[in-house]
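K.L.:
My questions concern the predicted model and sequence given below.
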Amino acid sequence: MLMKFVLAISFLFYSIEACSQNQFEKEITAGDYKIFLKNSEDDFFTGSVKITDKNNNPVFYADSVYTRYNRDTLIDLNNDGVKEFILDLGTGATMYDYNIYLIYDFTKVIINPLEVHNASLISGIDDSPKIVSYVRLSPAALGAGYSFPLKYTDGKLILENDISGSEVLKGIETDEKEDLHLINEYSKAFGECDNASEIKTYFEAYIMQQKILQQEDKGWDFFDKYYKCKDKKEARASLKKLVQEDYDFWNNSEYKFGEK
């Protein structure tokens, strides 16, 4: 019995030690604030974020947020002379949702970040940096999706919508030939107009991208030219509704942490 107890205690200490070896911890200093990151590298969504001020008072805490730490960045997003703090965190979840940006403005009284998924930071091209989010449409195997850039102003993230004044926005312009190639390859492998066909996904992605670029008519010209199925009228109506709903969602979103 004693031997079993000793073995059990030994196993417990071994388990604790093994677990601690797989813990990731990082401390970051940003101005008067300290950011503490901790997560288990063996499990999904175990990551926590704790932030304290110069007096070591906690001003933000969240757990079960992310799977891994990617990087952090201090950058002035709105050219006001004060740098915002960006945490780039990996979800490790699916190809639809692979990373999160948490964006902190430490000039605010209440420290609560903005949140953008599938995000990347582009700076040095426009007058101010932009955060670009990529939306991968289902099923992911089709390779269809669209991007939209956000700019930080007045404490908010808003859609960039001036293509004449934004090289970043111009840079997400869709290549019609590439989209048409995907459609043709799909048509060769599957029944383009079968009941189970996913062909409309390609048109949804193309039209949505053009709408974000403020040139939606170009998207519908593409649809009118290349959509070959008999349900063209119904497909056009359903896509128009879907594209408008998605655009309104991104345009009206406040991108606040924890809000959907």
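P.N.:
Right, received. Where do you want to start? Quantities reported herein were computed from a predicted structural model and do not represent experimental measurements.
K.L.:
Now stretch 126-135: average pLDDT?
P.N.:
Taken as a whole, stretch 126-135 carries a mean pLDDT of 97.
K.L.:
how far out from the middle of the chain is that stretch?
P.N.:
11 Å (CA atoms, centre = their mean, to the nearest Å).
K.L.:
quick one: contacts for the residue nearest to Asp63 when sequence neighbours are not counted?
P.N.:
The shortest distance from Asp63 to any non-neighbouring residue, by CB to CB, 6 or more residues apart in numbering, is to Ser48 (3.9 Å). No exception for glycine: its C-beta is placed from N, CA and C like everyone else's. Neighbour list for Ser48: 37-39, 61-65 [criterion: CB atoms under 8 Å, 6 or more residues apart in numbering].
K.L.:
Tell me the most packed of those, by neighbour count.
P.N.:
For those, the largest neighbour count, defined by other CB atoms under 10 Å, is 26 neighbours, found at Asn39.
K.L.:
Quickly list what it is bridged to.
P.N.:
In this structure, Asn39 bridges to Phe24 when assessed by DSSP bridges.
K.L.:
From Phe257, how far out is it?
P.N.:
Distance, Asn39 to Phe257, using CB to CB, to the nearest Å: 17 Å.
K.L.:
How about Asp175?
P.N.:
Applying CB to CB to Asp175 and Phe257 gives a distance of 34 Å.
K.L.:
okay, those two: which has more neighbours?
P.N.:
Phe257 (16 against 9).
K.L.:
wait, that one sits on Tyr101?
P.N.:
No: using CB atoms under 8 Å, Phe257 is not in contact with Tyr101; the gap is 10.4 Å.
K.L.:
if I look at those two, which residues touch both of them?
P.N.:
If you check Phe257 and Tyr101 against CB under 8 Å, 6+ apart, the residues they both contact are 114-115.
K.L.:
hmm, back to that, hey, what's the residue nearest to Asp63 bridged with?
P.N.:
Bridge pairing for Ser48 - DSSP bridges - gives Lys38.
K.L.:
Only C-alpha atoms, please: export the longest strand anywhere in the chain in CSV.
P.N.:
Of all segments of type strand in the chain, defined using DSSP state E, the longest is strand 84-94. Taking C-alpha atoms only, strand 84-94 is exported to CSV below (Å, rounded to 0.1, in the frame of the first residue of the first chain):
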residue,chain,number,x,y,z
GLU,A,84,-1.4,51.6,-30.1
PHE,A,85,-0.5,48.1,-28.9
ILE,A,86,-1.4,45.1,-31.0
LEU,A,87,-1.3,41.5,-29.8
ASP,A,88,-1.3,38.9,-32.7
LEU,A,89,-2.6,35.7,-31.3
GLY,A,90,-3.2,32.4,-33.0
THR,A,91,-6.4,30.4,-32.5
GLY,A,92,-5.2,27.1,-33.9
ALA,A,93,-8.8,26.4,-34.5
THR,A,94,-9.8,26.2,-38.2
